[in-house]
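Chemist: A structural model of the following input is requested.
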Amino acid sequence: MLLHILEQYGYFGLFGLLFLGIVGLPLPDETLLTFVGVLIQKGHMAYVPAFLAAFLGSSVGITLSYLIGRLLGRSAVERLGRFLHLTEERLEKVERYMERYGRFALFFGYFVPGLRHVTALTAGFGQMNYRIFAPFAYGGALVWVLTFLLLGQAVGHQWRHIEEMLYPFRYWIGTLVVLSLGTPFLWRFFSHRRKAAQESGEDSQEQE
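Modeler: Got it, this is the predicted structure:
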C-alpha cells in the first residue's frame, strides 16, 4: 500500500503519509522513511526533495497535534482518543513523561513508536508556549528524518531482511537511540540546574 502511494504520488505521497502518521494514524513511519532511503540509494528518488517532503510532512503533522491539544483541551483530546489510538492510561503516562523531561520529550519522542503525536498533544493542552515547542519539535523531526533516510541508504536492498530481524526489538532500539542522543543534552541540562541551585544557595548564605 505504502509503495503504491509513493509510486502514484511521489513526494506529495511521502508528505501526506508522514503527516497522517505523525497525527496519529497507525502507519509504520520508520519503515517508510527507511524504504525511501533505499529508493534514494537506488536512484528512484532524489535526496533533497525526499528529505524536504518527509521533514515538512512530519513538521506539519506535529504542529497539527499541538494545535489540537492547545485549542480543544484535554477533555476533547480524551474524547478523540479512540480515533487517535490514545487511551487515558497512555495519555497520563505521557503527561508524567512530559513533566519529567519537558521539551526534551518532544525532541526524542520521535524515536519511540507511538509517542510522537502524544507528546505534541500534551504540550498543546498543557499550554506550552509555541516558541518553546517549535525548536524542539522541528529539531526532533529533522534528526529523526535524517536518521532513517541515512539508514535506508546504508542498508540498501537488505532492508527487508534487517527490518524483519529488528522489528521485535523496535522499542528497545528506540530507547537506546533516545539515550544515545539525549544523554549529552540531559547532562548539560541537569548540570546547569545544579549549578544554578548552588549559586542560589550561596547567594542566600551571603544575604544571611
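
Chemist: Relative to Tyr66, how far out is Tyr9?
Modeler: 26 Å (Cβ to Cβ, to the nearest Å). Glycine gets a C-beta too; all of them are placed from N, C-alpha and C.

Chemist: Show me which of these two is the more surrounded one.
Modeler: Using other Cβ atoms under 10 Å, the more surrounded residue of Tyr9 and Tyr66 is Tyr66, with 24 against 13.

Chemist: can I assume that one is in contact with Ala137?
Modeler: Yes: using Cβ atoms under 8 Å, Tyr66 makes contact with Ala137 at a distance of 7.1 Å.

Chemist: Please identify every residue contacting each of these two.
Modeler: Here Tyr66 and Ala137 have 120, 123 as joint contacts, going by Cβ atoms under 8 Å, 6 or more residues apart in numbering.

Chemist: helices or strands up against the helix or strand where Val145 lies?
Modeler: Using DSSP states H and E, Val145 sits within helix 130-155. The criterion is 3 or more Cβ pairs under 8 Å, 6 or more residues apart in numbering; DSSP states H and E, and the helices and strands that helix 130-155 contacts are helix 29-41, helix 47-80, helix 103-108, helix 116-125.

Chemist: give me that answer again for 7 Å
Modeler: In terms of contacts (3 or more Cβ pairs under 7 Å, 6 or more residues apart in numbering; DSSP states H and E), helix 130-155 is packed against helix 29-41, helix 47-80, helix 103-108.

Chemist: Switch those helices over to TSV, and while doing so, append mean pLDDT and distance to Leu20 to every line.
Modeler: Converted to TSV, those look like this (pLDDT from 0 to 100; distance: least, Cβ to Cβ, whole Å):
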stretch	mean pLDDT	distance to Leu20
helix 29-41	87	10
helix 47-80	87	7
helix 103-108	81	19
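
Chemist: Figure out which of those helices is closest to Gln127.
Modeler: The closest of those to Gln127 is helix 47-80. By Cβ to Cβ, the value is 6.7 Å.

Chemist: That closest one versus helix 130-155: what angle between them?
Modeler: 130 degrees (axes from the mean of the first three to the mean of the last three Cα atoms, to 10 degrees).

Chemist: Tell me the buried residues in helix 47-80?
Modeler: Along helix 47-80, these residues count as buried under the neighbour rule (16 or more other Cβ atoms under 10 Å): 50-51, 53-66, 68-70, 72, 77.

Chemist: Understood, closing this out.
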